[in-house]
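> show me how the following folds:
(2 chains)
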There are 2 protein chains.
Amino acid sequence: MGPAARMYQMLRYFMGYVDAEFMPTEIESGKRFRPSLALLIADGYGVREKVLPAAVAIELFHNFTLIHDDVEDHDEFRRNRPTVWKLWGINHAINSGDMQLVIASEWVLKAGEVAGAPELSRTLLRTFGEVAEGQYLDFELASAPLDAANVSEEGYLQMIEKKSGVLVRVAAEAAGIAAGKSGEEIGLLREYGMYLGTAYQMADDYRSAWTTQQITGKDTCSDIREHKRTLPFLYAYEEMEGNARERLHQLYSLERQLADGEIQEAIALLDATRSRSRVLGKVREHAARAKQAAARLDLAPETKALLVGIVDMLVPEGKESAAVAVEHPSIALA
Amino acid sequence: MGPAARMYQMLRYFMGYVDAEFMPTEIESGKRFRPSLALLIADGYGVREKVLPAAVAIELFHNFTLIHDDVEDHDEFRRNRPTVWKLWGINHAINSGDMQLVIASEWVLKAGEVAGAPELSRTLLRTFGEVAEGQYLDFELASAPLDAANVSEEGYLQMIEKKSGVLVRVAAEAAGIAAGKSGEEIGLLREYGMYLGTAYQMADDYRSAWTTQQITGKDTCSDIREHKRTLPFLYAYEEMEGNARERLHQLYSLERQLADGEIQEAIALLDATRSRSRVLGKVREHAARAKQAAARLDLAPETKALLVGIVDMLVPEGKESAAVAVEHPSIALA
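Alright, predicted model coming up:
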């Protein structure tokens, strides 16, 4: 392994292959959702082998972004394990993350070669750049004055499209490119991936605002605790007037995390508006659009049914029947 | 430019194209030494156009490493300007650096395409990974107990080969690959680049230990102030015995930077050994090996003379006549 073996072990830890002592382990280490999606569609087109390196590149890149994201957000846990920076310090987290991005780029190279489609490599890298743009927009949204133009549904959607949507989009798109599909078909794949990715992110933001650690693996109401400007807040703040608006402004302007009492107060303020139902409505809208795009794809009915099923699995709030998390008994404030 | 325009401006700032208010500027923004070297050799082989994207990729990657390096080392100034993290915070420095690495990878892709040599792209990325390994080894060297095995000339050389040598090596190598040269010729190019890169790094470490801000653009004796385990220290510590060794051990184990009086004391301790002359000897040895490799290349004599001249320009200590910095009047402790 060479003298830098330990750096690679840190990356293997984050991917879930070893524990913090670098001993083999089997833990819940991410859903591998993006590569699974890429390969599912690839199977539908009969081009699995051609898409494999792209699927690897996407998953490695995704995990790279999380390693740096944890540093940037000071997150100490992910997937119920200590984060890389928490275990080995910020410098190792930055640098081993950089290494993982280089490795992801090596798979990007291979992706174009194996698919016989150089544009696949270009598309992957262009998309990776968009993700970095999304992270930038996230920083800006987090630090802008509460009444700035980007602290709005529009600014939020633009941010999550880049930060969360485009990587799912390229996972869907990759198979289409490798299979040499038409521009129209690739457009539908992109639509499916983008709406699925944004629906998933909005559902996640819903859960991070209102539901508990047992469900999300994060702190209870972590996004409210950290007064994040996600859709649950934005919709509520947009509607509110007078004292309520002023108080929410105060709470969301604190330099520190909210205390438990303040969280309950903030939730009460949010729940006096239509925010919950509007967020769920937006999730459902994006989920429905993803399904509509899936239905029009040039794939066998079974594959299309799976693509629709993925939307319901990842975005339970997208099911008309459900809004599971909302009704789940454990969401009451712990 | 889109909503993330400001992120790209931060990168343009670091490259020296704009000032901190993003207004056009012309400043000393790095020597562009690596791409110049790549293009000089490319001209010698008559393949300039083929090597241009590789030269761009290398320079963008190099600057990416510096953006993250400044975060990791808490350096507030580089090239006499505030660093990215100092101006815009650590998160923007990490993320805009990531963006620059993605852009560098896009040029890597182009490099292989334009040269008609896919192995050029692979070699570039493999080398980028080695640089991250070198950064890892640098962290390890900095944090190891003073008597650990890697706190040694061997550990140091291994580290600077990866951290500093390989990127100069690939700058030289790129032209050989693009020109379809033999394995032997490419081996000589690699040798030239590696020895030039390590000679340069050792000369830089010499200057950062013993010379003043006017010369290096860094703090006076910055590497001694920060008790870095570079060759000047390693050679001295290896030779020392008794009280002197114990005192240097004390100074180099402090959790804080050395005060001015302690710096003078440390320099006196180092200068009671053969460290200075041994470091300069090692610099000269590597410089000489770079020149020997250059002499054997399949290039016109004028080009080879330029390659030798580059060694003398970047590594003045490599000239038998010189050791310029040593004799320069301004090196006396300010």
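> where does the stretch 151-300 of chain A have low pLDDT?
Low-confidence segments of the stretch 151-300 of chain A (pLDDT under 70): A:212-219.
> tell me the residues of it that contact chain B?
Contact residues, the stretch 151-300 of chain A versus chain B (C-beta under 8 Å from any C-beta of the partner chain): A:Gln158, A:Lys162. Heads up, the C-betas are built off the backbone N, CA and C, glycines and all.
> all helices of the stretch 151-300 of chain A, in order?
A:153-160, A:166-178, A:183-210, A:213-216, A:222-225, A:231-239, A:242-251, A:260-271, A:275-295 (DSSP state H, counting those that start in this stretch).
> between those, which gets nearest to B:Leu120?
For B:Leu120, the closest of those is helix A:166-178, at 23.2 Å, according to C-beta to C-beta.
> tell me the angle of that closest one relative to helix A:183-210?
Between helix A:166-178 and helix A:183-210, the angle comes out at 160 degrees (axes from the mean of the first three to the mean of the last three C-alpha atoms, to 10 degrees).
> just checking, what packs against helix A:166-178?
Judged by 3 or more C-beta pairs under 8 Å, 6 or more residues apart in numbering or on different chains; DSSP states H and E, the packing partners of helix A:166-178 are helix A:33-45, helix A:48-73, helix A:90-115, helix A:118-143, helix A:183-210.
> pretty sure A:Ala174 is touching A:Ala38, no?
Yes - taking C-beta atoms under 8 Å as the definition, A:Ala174 is a contact partner of A:Ala38 at 5.1 Å.
> have a look at these two and say which one is more surrounded.
Taking neighbours as other C-beta atoms under 10 Å in any protein chain shown, A:Ala174 and A:Ala38 compare with A:Ala174 leading, 35 against 28.
> in contact with that one, which residues?
Contacts for A:Ala174 (C-beta atoms under 8 Å, 6 or more residues apart in numbering or on different chains) come out as A:Ala38, A:Ala42, A:Val51, A:Ala54, A:Ala55, A:Ile58, A:Ala111, A:Leu120, A:Thr123, A:Leu124.
> return the member of those nearest to chain B.
Of all these, chain B sits closest to A:Leu124, with 9.5 Å by C-beta to the nearest C-beta.
> hmm, that closest one is touching A:Leu109, no?
No - A:Leu124 lies out of contact with A:Leu109 (C-beta under 8 Å); the separation is 9.6 Å.
> between those two, tell me which one has more neighbours.
Per other C-beta under 10 Å, whichever of A:Leu124 and A:Leu109 has more neighbours is A:Leu124, with 31 against 24.
> got the contact list for that one?
A:Ala54, A:Ala57, A:Ile58, A:Phe61, A:Val108, A:Ala111, A:Val170, A:Ala174.
> biggest separation within those, which pair?
Once C-beta to C-beta is applied, those give A:Phe61 and A:Ala174 as the farthest pair, at 12.1 Å.
> pull the number of nearby residues for A:Leu52.
Other residues near A:Leu52 number 20, with proximity taken as other C-beta under 10 Å.
> make that A:Ala209, sorry
Neighbour count for A:Ala209, taken as other C-beta under 10 Å: 24.
> and the spatially closest residue to it that is not a sequence neighbour, what does it touch?
Of all residues not flanking A:Ala209 in the chain, A:Pro232 sits nearest, at 4.0 Å (C-beta to C-beta, 6 or more residues apart in numbering or on different chains). Counting by C-beta under 8 Å, 6+ apart, A:Pro232 makes contact with A:Asp205, A:Tyr206, A:Ala209, A:Trp210, A:Asp223, A:Ile224, A:Leu270, A:Ser275, A:Arg276, A:Val279.
> can I get the buried part of those as one ChimeraX selection?
Buried members of these, identified by 16 or more other C-beta atoms under 10 Å in any protein chain shown, are gathered into one ChimeraX selection as follows:
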select /A:205,206,209,210,223,224,270,275,276,279
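> would you list the contacts of A:Pro232 in CSV and tack on distance to A:Glu185?
Shown next, in CSV, are the contacts of A:Pro232 (distance: C-beta to C-beta, whole Å):
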residue, distance to A:Glu185
A:Asp205, 31
A:Tyr206, 32
A:Ala209, 37
A:Trp210, 38
A:Asp223, 37
A:Ile224, 41
A:Leu270, 41
A:Ser275, 37
A:Arg276, 37
A:Val279, 32
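> which one of the contacts of A:Pro232 is nearest to B:Asn80?
A:Asp223 (41.9 Å).
> chain neighbours aside, what residue packs nearest to that closest one?
Nearest-residue entry for A:Asp223: A:Ser208, 4.0 Å, with adjacent residues in sequence omitted and distances by C-beta to C-beta, 6+ apart.
> so that neighbour sits right up against A:Leu231, yeah?
No - judged on C-beta under 8 Å, A:Ser208 makes no contact with A:Leu231 at a distance of 10.7 Å.
> same question for stretch A:123-142, mean pLDDT?
The predicted model assigns stretch A:123-142 a mean pLDDT of 97.
> swap in stretch A:30-38?
Averaged across stretch A:30-38, pLDDT comes to 94.
> give me the contacts around it.
Stretch A:30-38 is contacted by residues A:15-16, A:51, A:54-56, A:58-59, A:62-63, A:79, A:167-168, A:171-172, A:174-175, A:193, A:310, A:314 when judged by C-beta under 8 Å, 6+ apart.
> could I have it exported to PDB, CA atoms only?
Once non-C-alpha atoms are left out, stretch A:30-38 reads as follows in PDB (Å, rounded to 0.1, in the frame of the first residue of the first chain):
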ATOM      1  CA  GLY A  30     -24.900   4.900   2.400                       C
ATOM      2  CA  LYS A  31     -27.600   3.600   0.100                       C
ATOM      3  CA  ARG A  32     -25.400   3.600  -3.100                       C
ATOM      4  CA  PHE A  33     -28.500   5.000  -4.600                       C
ATOM      5  CA  ARG A  34     -27.000   7.000  -7.500                       C
ATOM      6  CA  PRO A  35     -24.900   4.100  -8.900                       C
ATOM      7  CA  SER A  36     -27.900   1.700  -8.500                       C
ATOM      8  CA  LEU A  37     -30.000   4.100 -10.400                       C
ATOM      9  CA  ALA A  38     -27.400   4.400 -13.200                       C
END
